[in-house]
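Colleague: Need coordinates for the following:
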Amino acid sequence: MPAALDIDLLRSFVAIADAGSFSLAAPRIGRTQSALSMQVRRLEDVAGATLFHRSQKGVSLTMQGERLLAHAREILRSHDRAVADLAGQVFSGSFRFGCPDDYAVSFLPKLIRDFTEQHPGVFIEVVCASTPSLLQALAERRLDSALVSVLVDEAAPSSRSRGALVTRDTVLRAVDCIRLEPLVWVARPDFVPDPCAPLPLALGAPDTHDHSCALAALATLNWPYRIAYASISLSGLLATVRSGHAAAVLTRSAIPPDLKEIAPEHGLPRLPVLGIVLAPDPEHSEAPPAVAAFAAHVRATLPGV
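Modeller: All right, here's what the predicted structure looks like:
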């Protein structure tokens, strides 16, 4: 009788394939690298083939690994859907979810895809906007939930445990955030900032973190600047940066492949770290079941995406 494909082994296999390395996959599924290596060896014994090519840069799938990956995804989808159904945790309905543009590009597709595969009866309407706009929409009940950015300071009180409302000026400790995202200076690869000239900037609206943090950081060095572009449109901002006429401030995970982080040796000031939180706090709000389930999914998945 052929050996069975173990669900846990398949889940680890998919995590490694998606991450491209054992070290990145390990924290996503709560296992050590050595444990993952043992699981892969067990799965390769069952498959009767090598599943990964290994190199100093990470891992890539062999031909047999590619074949198994498609089956593994299908098996895991069916397994997770069956478990949720038997537990009475398959939800239906629709809700409106907000997310800043840069996060939407970076990791929102995976968050929504994985959730809706398990709960196909749920429709999520996504609204992309800046954090201030999302907070306003939440206050006006035009959104059910949103990912928003806050400033991070380890000296801040731990207010999330008390269910405090998130505002534009909220500052939290790292432990109170789902994920941390460093703000960085970004430009075209051939862009070199001139410390003797005003730094041309492409920024979001004045009430956004990228705008206010950029100007505050430059002020610490008395570095002059000029606003070459200011808009709520991320695509317009990136077009200006791609033209070579300005630098921007983005979260590190949102840097497009054709742009680069400006290296520290060019002398630009260090920017703060942003924290990502859900608003309203799902632990202190009476959210509908589908919204609460998606919030739990985000909290469990986002740190490792």
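Colleague: who touches residue 151 in this structure?
Modeller: Residue 151 is in contact with 170-172, 209, 272, 274-275, counting by C-beta atoms under 8 Å, 6 or more residues apart in numbering. The C-beta positions use only the backbone N, C-alpha and C, and glycine is treated the same way.
Colleague: what about it, which SS state?
Modeller: Secondary structure of residue 151, reduced to three states by DSSP: H, G, I helix; E, B strand; the rest coil: strand.
Colleague: pLDDT at it, what is it?
Modeller: Reported pLDDT at residue 151 in the predicted model: 90.
Colleague: So it versus residue 264, what's the distance?
Modeller: Taking C-beta to C-beta, to the nearest Å as the criterion, residue 151 is separated from residue 264 by 21 Å.
Colleague: Quick check: strands, which of the contacts of residue 151 are part of them?
Modeller: When the contacts of residue 151 are checked against strands (DSSP state E), the matches are 171-172, 274-275.
Colleague: one step back: show me which of the contacts of residue 151 are buried.
Modeller: When neighbours are counted using 16 or more other C-beta atoms under 10 Å, those contain these buried positions: 170-172, 209, 274-275.
Colleague: quick one: least confident of the residues you listed?
Modeller: When the buried ones among the contacts of residue 151 are compared by pLDDT, residue 171 scores lowest at 74.
Colleague: Skipping its backbone neighbours, what lies nearest residue 251 in space?
Modeller: Nearest-residue entry for residue 251: residue 181, 4.0 Å, with adjacent residues in sequence omitted and distances by C-beta to C-beta, 6 or more residues apart in numbering.
Colleague: which secondary structure element contains that neighbour?
Modeller: In this structure, residue 181 is located in strand 179-187 according to DSSP states H and E.
Colleague: What mean pLDDT does that strand get?
Modeller: When the per-residue pLDDT values of strand 179-187 are averaged, the result is 95.
Colleague: same for it, what does it pack against?
Modeller: Contacts defined by 3 or more C-beta pairs under 8 Å, 6 or more residues apart in numbering; DSSP states H and E place strand 179-187 against helix 209-220, strand 247-251, strand 260-261, strand 273-279.
Colleague: right, and those - which one's nearest residue 26?
Modeller: Closest to residue 26 of these, according to C-beta to C-beta: strand 273-279, at 21.3 Å.
Colleague: Give me whichever of the helices and strands packed on strand 179-187 is most buried.
Modeller: Between these, the one whose residues have the most neighbours on average, counting mean count of other C-beta atoms under 10 Å, is strand 247-251 (a mean of 25).
Colleague: List the strands paired with that one, with their directions.
Modeller: Strand 247-251 has its sheet partners listed here by DSSP bridges as strand 179-187 (antiparallel), strand 199-203 (parallel).
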